[in-house]
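**Student:** the sequence isn't on hand, but the structure is:
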Ligand code: KG4
Ligand code: ZN
């Protein structure tokens, strides 16, 4: 079976340096060195700092992944590396590392689209059969993809501005909550009243599956400032209510657009979600309900495989290798690389990280 080759995967497209060894659907190791502490003081990922940290950490992660897997480099069948989309300095660090390893050893090189890594994860974790629908929802991406094969993707819709994770992070910043914003907003929302403030549910009045989250953040800012003007400050329960209202708006929009996306994809084997925002309990529950309404299985891979990692890159590399064979040393790093080349460009689609 083509999938049974042993692949070393490398990932460095945003703020996680990762290496993994995968054989078929077995993850023999998956090492992630995150850069949260390096960027904490700046309120976001600083591309130059990220690129330098990737260059410093990649070889350490590769060694750790090989050691943990108990497989020497000589027994690796292929090296898969994220070749885009993402922050170009980081992507370049990974591609150069993979090329160096490939040139020195003669091991075939495979350039992988980062979004394909996320989109194929349900096959790695759950053996999901084609065709299926996936919602990628993170700090850098938000799109619905129908997946028909390892290199066959149709985008049904995507954000036209911010990604939801970005909106969670900005909301946390506006309310003085710690980063990353998703977990802290979710926790603060637990004691909040989601009905006290009504936040916009953008683009629900238009047909289709495109999304928009930048107006939501502005609405939250206005509401916060109004409370400060009216009361002279924010009480803890105000912050909780704001978080609950904000989270409910994201949940409702993603649930409704998921409903439309599933309806537009007859014959799918299931609906999957991936990306850091998929960690959100309310969102998962809402998406599960939507899937149940359509009687399609719902797959949410374990969080470590929803967020950026190299196991998904190794797996996607193996799937692509079986179809396209290896790349050569002309493989280049690409800041933008839409999975669906026929879909029109979604301007601004997730500003923080990977573009598509
Ligand atoms: O996939 P990921 O690790 O990295 C990329 O952005 O590619 O996603 C990180 C994003 C952050 O914006 C973070 O705030 C968000 O996922 N996130 C969450 C939760 N946990 C992480 N958003 C909502 N609820 C959560 N529980
Ligand atoms: Zn990602």
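**Tutor:** Sure thing, it's come through. The structure presented is a predicted model; accordingly, all values stated were derived computationally and were not measured. Ligands and ions are numbered 1, 2, ... in the order given.

**Student:** any idea how far residue 208 lies from ligand 1?
**Tutor:** Plainly put, residue 208 is 24 Å away from ligand 1 if you go by CB to the nearest ligand atom, to the nearest Å. Placement of C-beta: from N, CA and C, glycine included.

**Student:** for that residue, grab the count of nearby residues.
**Tutor:** Taking other CB atoms under 10 Å as the criterion, the count of residues near residue 208 is 12.

**Student:** quick one, domains of the chain?
**Tutor:** Here the domain assignment for the chain is 6-122+307-354, 130-296, based on automatic domain parsing.

**Student:** make TSV from those and add mean pLDDT to it.
**Tutor:** Conversion of the domains of the chain to TSV gives the following (pLDDT from 0 to 100):
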stretch	mean pLDDT
domain 6-122+307-354	90
domain 130-296	96
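
**Student:** so where does residue 28 fall, helix or strand?
**Tutor:** Assessed by DSSP states H and E, residue 28 sits inside strand 26-34.

**Student:** list the buried residues of that strand.
**Tutor:** In terms of neighbour count (16 or more other CB atoms under 10 Å), strand 26-34 has its buried residues at 27, 28, 29, 30, 31, 32, 33.

**Student:** how about those in TSV, adding distance to ligand 1?
**Tutor:** Formatted as TSV, the buried residues of strand 26-34 follow (distance: CB to the nearest ligand atom, whole Å):
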residue	distance to ligand 1
27	17
28	22
29	19
30	14
31	15
32	10
33	13
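
**Student:** now the two most distant members of these.
**Tutor:** Checking the buried residues of strand 26-34 against each other with CB to CB, the farthest-apart pair comes out as 28 and 33, at 18.0 Å.

**Student:** my read is that residue 137 contacts residue 165, right?
**Tutor:** Yes. In this structure, residue 137 sits in contact with residue 165. The criterion is CB atoms under 8 Å, and the distance is 7.3 Å.

**Student:** what sits in contact with each of the two?
**Tutor:** 275, 276, 277 (CB atoms under 8 Å, 6 or more residues apart in numbering).

**Student:** the first one and residue 145 touch, don't they?
**Tutor:** Think residue 275. No. No contact is recorded between residue 275 and residue 145 when judged using CB under 8 Å, the distance being 11.7 Å.
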